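Trainee: okay, here's the prediction I keep looking at, along with the sequence it came from:
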Amino acid sequence: MKAKVLINGYGSIGKRVADAVSAQKDMEVIGVTKTKPDFDAKLATELGYKLYCAIPDKERVKAFEEAGIPIEGTILDVIEEADIVVDGAPKKVGKENLEKIYKPNKVKAILQGGEKAKDVEDNFNALWSYERCYGKSYVRVVSCNTTGLCRILYALKDFGIKKARVVLVRRGADPNDDKTGPINAIKPNPVTVPSHHGPDVVSVVPELKDKIITSAVIVPTTLMHQHTLMVEVESEVKREDILEKINETPRIILVREKEGFSSTAKIIEFARDLGRKRYDLPELCVWEESVNTLGNEIFLMQAVHQESIVVPENIDCIRAMLEMEDDKFKSIEKTNKALNLIK
Ligand SMILES: NC(=O)C1=CN([C@@H]2O[C@H](COP(=O)(O)OP(=O)(O)OC[C@H]3O[C@@H](n4cnc5c(N)ncnc54)[C@H](OP(=O)(O)O)[C@@H]3O)[C@@H](O)[C@H]2O)C=CC1
Ligand SMILES: O=C(OP(=O)(O)O)[C@H](O)COP(=O)(O)O
């Protein structure tokens, strides 16, 4: 029997998770939700997804009918069928859905990185907290930047992390966003230090408490985030050993400037040329030339495709919460294979 997954919020993350669930052998999408009858809603039905109104309200259902978009009802008509809900609603709405819909209907739910650690039972990254989230009911898959940091810190963990210092350059908006800026500025965001990313890494990896500090700015780009890391480890470390660990870690790829990967624009062109749907690149990209050491300090730069990096994590999180596979590496392998990831 396949696990029955409901996607509540068919937006940037929700539509990608829906497609990723559909690509797995052991799970299926039983429905997706929208609040507005727009082209995304129409395309969802054309792709064969059963569409429900995210907000149980007659007027909203009528709006879908008037727009000629076939709708099956509201979320309350399908929630009982679901083994788990993946919430893809805008930030802060996920928490409201948890309290008003998921908990009263006793259905397991995954929230996304726009929600707060304190509102869930635990925080998910496939490499670090798969076992901890096994069988749990309300879990948050941490944000895109936090996921990128968790992956690289997993690759470095065996060197004994003493301190991690990270500067994040965040994309200003997603490509479909016609409201958010900045258009011509570099904006500390947040201006306070640490940004939420450091504490969010700690929500996944408690042993990094008091060891990681992050600060972030946003810039006028839509393609990817970029991080610069400075990590102090227990003892002297060689560049070759770091590259080896990165190569061993799932969902991290090395990109080389000498092969043309001179910017996030070139990395995204690579994803386009691979024929990836929506030019998605869930693999974290580390610039090989940037990896360097000085005694027991490690330096490197990496890029995160914000719209897709959390997608395979949501799939593994479903398997962990529904106790479908007890070996995290087997789940990662299944997910990666179904999504055709490089590694
Ligand atoms: N975009 C990104 O790069 C990343 C986002 N995240 C996190 O993922 C979450 C979703 O973000 P994102 O996909 O970008 O958001 P989007 O704005 O792209 O999509 C949100 C979706 O939720 C729907 N929605 C609106 N209100 C409700 C509601 N009350 N209940 C259920 N669904 C609702 C919207 O439907 P409609 O359009 O019909 O109103 C829309 O389909 C946030 O927590 C965000 O922080 C995490 C990693 C990366
Ligand atoms: O999860 C993300 O970023 P984050 O890791 O900086 O919180 C996504 O890019 C969405 O964040 P935003 O919509 O708050 O910029």
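Mentor: Okay, I see it. On a predicted model such as this, the values are computed, not experimentally measured, just so you know. Ligands and ions are numbered 1, 2, ... in the order given.
Trainee: count of residues packed around the residue in the chain that ligand 1 sits nearest to?
Mentor: Using C-beta to the nearest ligand atom, Gly11 is the residue of the chain that sits closest to ligand 1, at 1.7 Å. Heads up, the C-betas are built off the backbone N, CA and C, glycines and all. By other C-beta atoms under 10 Å, 17 other residues sit near Gly11.
Trainee: which one is it nearest to, not counting chain neighbours?
Mentor: Distances taken as C-beta to C-beta, 6 or more residues apart in numbering place Gly88 nearest to Gly11, at 5.5 Å, with adjacent residues excluded.
Trainee: for Ile7, give me phi and psi.
Mentor: The phi/psi pair for Ile7 (degrees, to the nearest 10) reads phi -100, psi 110.
Trainee: list the contacts of it.
Mentor: Contacts for Ile7 (C-beta atoms under 8 Å, 6 or more residues apart in numbering) come out as 14-15, 17-18, 21, 29, 31-33, 49, 85-86, 88.
Trainee: repeat for Glu121
Mentor: Neighbour list for Glu121: 136-139 [criterion: C-beta under 8 Å, 6+ apart].
Trainee: so which residues of this structure form helices?
Mentor: 12-23, 39-46, 58-66, 93-97, 126-133, 144-156, 197-204, 239-248, 264-273, 311-321, 328-339 (DSSP state H).
Trainee: any idea how far Arg256 is from Ser290?
Mentor: From Ser290 across to Arg256, the span is 10 Å (C-beta to C-beta, to the nearest Å).
Trainee: look at those two and report which has more neighbours.
Mentor: Neighbours per residue (other C-beta under 10 Å) separate Ser290 from Arg256, with Ser290 holding more: 15 against 11.
Trainee: list the residues that contact that one.
Mentor: By C-beta under 8 Å, 6+ apart, Ser290 lies in contact with 299-302.
Trainee: give me the pLDDT for it.
Mentor: Looking at Ser290, its pLDDT is 98.
Trainee: pull up the residues of this structure that are close to ligand 1.
Mentor: Residues of the chain lying near ligand 1 by C-beta under 6 Å from any ligand atom: 8-14, 33-36, 54-55, 88-91, 93-94, 97, 112-115, 143-144, 174, 306-307, 310.
Trainee: same thing but at 5 Å, please
Mentor: Applying C-beta under 5 Å from any ligand atom, we find that the chain lies next to ligand 1 at 8-13, 34-36, 54, 89-91, 93, 112-114, 143-144, 174, 306-307, 310.
Trainee: and those near ligand 2, which?
Mentor: Restricting the residues of the chain next to ligand 1 to those within reach of ligand 2 (C-beta under 5 Å from any ligand atom) leaves 113, 143-144, 306.
Trainee: and the nearest residue to Ile252 once chain neighbours are set aside, how many neighbours?
Mentor: Distances taken as C-beta to C-beta, 6+ apart place Leu284 nearest to Ile252, at 4.6 Å, with adjacent residues excluded. Using other C-beta under 10 Å, Leu284 is surrounded by 24 other residues.
Trainee: verify the contact between Asn8 and Ala54 for me.
Mentor: Yes: assessed by C-beta atoms under 8 Å, Asn8 is found in contact with Ala54 at 6.0 Å.
Trainee: tell me, what's touching these two both at once?
Mentor: Joint contacts of Asn8 and Ala54 (C-beta under 8 Å, 6+ apart) are 33, 75, 89.
Trainee: returning to what we had before: of all the contacts of Glu121, which two lie farthest apart?
Mentor: Maximum pairwise distance in the contacts of Glu121, criterion C-beta to C-beta, is 7.7 Å, between Ser137 and Val139.
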